[in-house]
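Chemist: how would this look folded up:
(chains A and B)
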Amino acid sequence: MSGARVIPLESGNFDEPDDLALVEALRRGAPGAETLAWYRFGPMVARTIYRLGGPGCDEEDLSQEVFLRFFRKVGRLREPAAVRAFLTGICVRVVRREVRRRWLRRWLRLTNRGDIPDVAAPEGDPESRQVVQHYYGVLDQLSAEARSLFVARHIEGLTLADVASLHGLSVSTAQRKLVRARARIAVLAKSDPVLRAYLQQRESS
Amino acid sequence: MSTSSGSSPIGPANDDEIDCLSHMARRWTPDADADPRAPARWSRLLDERARRARRARRRAVVLTSVVLVLAGLVGGGVWRGRKTDVTYFVAGAASVVEGGYVHDVGAAGARLQFSDGTAIDLAAGARAWLVSRDARGARLRIEEGRAHFEVVHRAQARWSVDAGPFAIEVTGTSFDVRWAGAAEELDVALARGSVIVRGPLAGAGIVLRPGQRLVALLRQQTVRVEDPEAPPGRIAPDVPAARATPVATPPPSSSSEPRAASVAPPRPRASRDKPQAPLVTAPTIDPASWSRRVAAGEFLDVLAEAERGGIDGCLASCPVEALAALADAARYGGRPALARRVLLATRDRFPGSVPARAAAFLLGRMADGAAAVEWYDRYLAESPEGVYAAEALGRKMMAIERLGDRSSARRIAAEYRSRFPAGAYLPQATALLQHP
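Modeler: Residues are numbered from 1 along each chain as shown, chains lettered A, B, ... in the order given. I've put the predicted structure just below:
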């Protein structure tokens, strides 16, 4: 067997080395470190992509882009303990770029009626599935930045400070934009027949 | 932002309503049929990186002079010529000795994950030694127990497995190997791809086709190849090794006879006395096509094709990928009874495989009450860190709460909150803990 180093051999425990040691191994270019990072963070990245991108996104494609950027930029990570936040930030930027492209593609296809494009439906009971699908359709009508801010804050559940930091905004600016996005969603949600019916049904029950 | 307290059909939605919709979106966990850690995905990621690197190099070359273009091409050739060994790490409960000897594999099994995307899952109690590695693959020796292989197909890949006195040569493929040292028994089950088994009873080597299983019993001096296309219950008896001249894939003799254990000498097709009877019993099964077509939403077509070919036959002989795709097609196509049958067959035929473990979770989703809880428990026991672990635990929590056992549900809620602090069922877990 050649002398290439292997991670982590001693314990055989998948949770080792911890995130800090793994980042150090990535920075050193240790053999196997990238594979282990992908294996460890893959589910987290996939989940974040799904939530940010919604039912129509190509999760594998976007996850691939996230990891390629991550491997390229991990050397610049100042605080290794923040590796997961670092990855989340990359997810946000990658999905935001994808949303912009989606916007452009939709505009080029000129869907005058403003129909929600056909997207893969999420799992779950049919009603929930339809509601989530339409909700993301409403979110897609926001600008890429507003959509990203809103999803990160209200669906991904990040703190306002984290959301602002990920988007390169001050907290007050992020807050202001979020308030505007929320107000717009409030109007759009009620103009969507599926969401309106769902909310009415919910209120009556 | 709306601050009104009541909803109106024409007014904007209020904060509660937006929170409700956001909460619903947050709870939505896609049914990740594609495992985010599937070896093939890692392989595709590496391919993409290599493709981008090549593209970047091409751009650089265009912007430089002709001399630099030539130098770049030469340099690129040299760079490509340099190859590094595949690397790996060991995941799961196992002890690893320097030199690549893996033993003391716990109940949850252990995985050897290689940098080219290949993965080897060792079952509980297995012992294996990674004898050597190079740029093209590795050689693994199974000292004892069962292992599942998912070898990523690459040009010039070279993987091999030793089990007792046997050697298994591999290209891109998926298969299980079990070696029982004390009983001197070898069991190889091939899901897809191809392998050649060489050893004391195999002569020049036995080529296995997808779905075939080879069982070699050294003490009885017999070797048996079970063929999935043989009619159910008509597996041929063991063939004494003294009479066997093992070589190429056992050819079908006729549609009415079992095609098993036919360890016959190889005969080139052209030299046969008369053409072989066409196989008419089994439909054409293309697992790659089914998976792709289900992903493309053509699940009704896949269902129709499977029914034309015979569901029973497929359940008995289809490779594991085809079963997984068929189960998905049945679920998406509103055929829960069929989905259940396929999932149960997957667990029955491929115990310990990733699709079989995932089947436990999916069966839980399709069941109610205590039955659902039982399946979730089984999934969590088999795949404590599996891709569905968070959802299985969350769903189990909710099912138990619905069964009225609130104290158990709260206990699970505490575990859920601890294990999956960002999980989709966190709001429900928190609510359970806050409102006993």
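Chemist: Name the SS class of B:Ala183, please.
Modeler: coil (DSSP: H, G, I helix; E, B strand; the rest coil).
Chemist: and it, what is it in contact with?
Modeler: Residues in contact with B:Ala183 (CB atoms under 8 Å, 6 or more residues apart in numbering or on different chains) are B:217, B:219. In short, each C-beta sits where N, CA and C put it, glycine included.
Chemist: ok, it to chain A distance?
Modeler: 27 Å (CB to the nearest CB, to the nearest Å).
Chemist: Ok, B:Val302 next?
Modeler: In terms of CB to the nearest CB, B:Val302 sits 16 Å off from chain A.
Chemist: so who does that residue touch?
Modeler: Each residue near B:Val302 by CB under 8 Å, 6+ apart is listed here: B:290, B:293-294, B:325-326, B:329.
Chemist: Excluding residues flanking it in the chain, which one is nearest it?
Modeler: B:Ala329 (4.3 Å; CB to CB, 6 or more residues apart in numbering or on different chains).
Chemist: Output the contacting helices and strands for whichever strand or helix holds the one you found.
Modeler: Following DSSP states H and E, one finds B:Ala329 within helix B:320-332. For helix B:320-332, the packing partners by 3 or more CB pairs under 8 Å, 6 or more residues apart in numbering or on different chains; DSSP states H and E come out as strand B:185-192, helix B:287-295, helix B:299-309, helix B:311-317, helix B:336-349, helix B:354-366.
Chemist: ok, now with 10 Å
Modeler: Judged by 3 or more CB pairs under 10 Å, 6 or more residues apart in numbering or on different chains; DSSP states H and E, the packing partners of helix B:320-332 are strand B:173-180, strand B:185-192, helix B:287-295, helix B:299-309, helix B:311-317, helix B:336-349, helix B:354-366.
Chemist: got a markdown table for those, with mean pLDDT too?
Modeler: Below are the helices and strands packed on helix B:320-332 laid out as a markdown table (pLDDT from 0 to 100):
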| stretch | mean pLDDT |
| --- | --- |
| strand B:173-180 | 89 |
| strand B:185-192 | 89 |
| helix B:287-295 | 73 |
| helix B:299-309 | 81 |
| helix B:311-317 | 85 |
| helix B:336-349 | 91 |
| helix B:354-366 | 89 |
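Chemist: picking up where we left off before, in CSV, could you pull the C-alpha coordinates for the helix holding B:Ala329?
Modeler: Provided in CSV are the C-alpha atoms of helix B:320-332 (Å, rounded to 0.1, in the frame of the first residue of the first chain):
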residue,chain,number,x,y,z
VAL,B,320,-32.0,-3.7,-6.7
GLU,B,321,-32.0,-0.4,-8.7
ALA,B,322,-34.9,-1.6,-10.8
LEU,B,323,-36.8,-2.5,-7.6
ALA,B,324,-36.1,0.9,-6.1
ALA,B,325,-37.3,2.7,-9.2
LEU,B,326,-40.4,0.5,-9.4
ALA,B,327,-41.2,1.2,-5.8
ASP,B,328,-41.0,4.9,-6.5
ALA,B,329,-43.1,4.6,-9.6
ALA,B,330,-45.8,2.7,-7.6
ARG,B,331,-45.7,5.3,-4.8
TYR,B,332,-45.9,8.2,-7.2
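Chemist: Return the distance of it from the chain's centre.
Modeler: Centroid separation for helix B:320-332 versus its chain: 13 Å, with CA atoms, centre = their mean, to the nearest Å.
Chemist: okay, the angle between it and helix B:299-309?
Modeler: 120 degrees (axes from the mean of the first three to the mean of the last three CA atoms, to 10 degrees).
Chemist: now the angle from helix B:320-332 to helix B:336-349?
Modeler: Orientation of helix B:320-332 against helix B:336-349 (the same axes, to 10 degrees) gives an angle of 160 degrees.
Chemist: Show me how far the longest helix along chain A is from its chain's centre.
Modeler: Using DSSP state H, we find that the single longest helix of chain A is helix A:83-109. Its chain's average C-alpha position is 8 Å from that of helix A:83-109, according to CA atoms, centre = their mean.
Chemist: can you check stretch B:100-110 too?
Modeler: Per CA atoms, centre = their mean, the centroid offset for stretch B:100-110 relative to its chain is 19 Å.
Chemist: tell me which residues of it are tucked away?
Modeler: B:100, B:102-103, B:105, B:108-110 (16 or more other CB atoms under 10 Å in any protein chain shown).
Chemist: now these in a markdown table, with pLDDT and distance to A:His134?
Modeler: What follows is the buried residues of stretch B:100-110, written out as a markdown table (pLDDT from 0 to 100; distance: CB to CB, whole Å):
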| residue | pLDDT | distance to A:His134 |
| --- | --- | --- |
| B:Gly100 | 80 | 53 |
| B:Val102 | 88 | 50 |
| B:His103 | 85 | 54 |
| B:Val105 | 86 | 48 |
| B:Ala108 | 80 | 40 |
| B:Gly109 | 83 | 42 |
| B:Ala110 | 86 | 44 |
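Chemist: As a markdown table, these with secondary structure and distance to chain A would be great.
Modeler: A markdown table is the format used below for those (DSSP: H, G, I helix; E, B strand; the rest coil; distance: CB to the nearest CB, whole Å):
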| residue | secondary structure | distance to chain A |
| --- | --- | --- |
| B:Gly100 | coil | 6 |
| B:Val102 | strand | 7 |
| B:His103 | strand | 9 |
| B:Val105 | coil | 9 |
| B:Ala108 | coil | 10 |
| B:Gly109 | coil | 11 |
| B:Ala110 | strand | 6 |
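Chemist: Thank you kindly, that will do.
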